[in-house]
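Enquirer: Need coordinates for the below:
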Amino acid sequence: MIVNCVHIAVEPGCIEDFIQATIKNHEGTRHEPGNLRFDVLQNANDPSLFLLYEVFESEAAIEEHRKTSHYLAWREAVAGWMARPREAVTYQVIAPGDRARW
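Expert: Have a look, this model is predicted:
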């Protein structure tokens, strides 16, 4: 299993649009067979900062995700709303190791 933590800074006037577009991407992603979890988190102290916490079964599942229509539509929609380029950090899962626990 692989976790991607994607840090995103959104222009202040674009926060609500970003949230709506990201919810659509979240909903599509949760229906992908290789996705185990997709959380959309907003910073409690700075509402322009977000964290996408994504868990996928494999690199192949991530590659398939990046080809989906909902992900491609999200990327296009949010591109102009970013205050700076998004930053992704990838992690290997140590625990829980059991897929059913996700």
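
Enquirer: The lengthiest helix in the chain - contacts with which helices or strands?
Expert: For the chain, the longest helix by residue count, based on DSSP state H, is helix 15-30. In terms of contacts (3 or more CB pairs under 8 Å, 6 or more residues apart in numbering; DSSP states H and E), helix 15-30 is packed against strand 35-42, strand 49-56, helix 69-78. Placement of C-beta: from N, CA and C, glycine included.

Enquirer: residues in contact with the nearest residue to residue 51 once chain neighbours are set aside?
Expert: The shortest distance from residue 51 to any non-neighbouring residue, by CB to CB, 6 or more residues apart in numbering, is to residue 41 (4.4 Å). By CB atoms under 8 Å, 6 or more residues apart in numbering, the residues touching residue 41 are 50-53.

Enquirer: ok, residue 41 to residue 5 distance?
Expert: According to CB to CB, to the nearest Å, residue 41 and residue 5 sit 10 Å apart.
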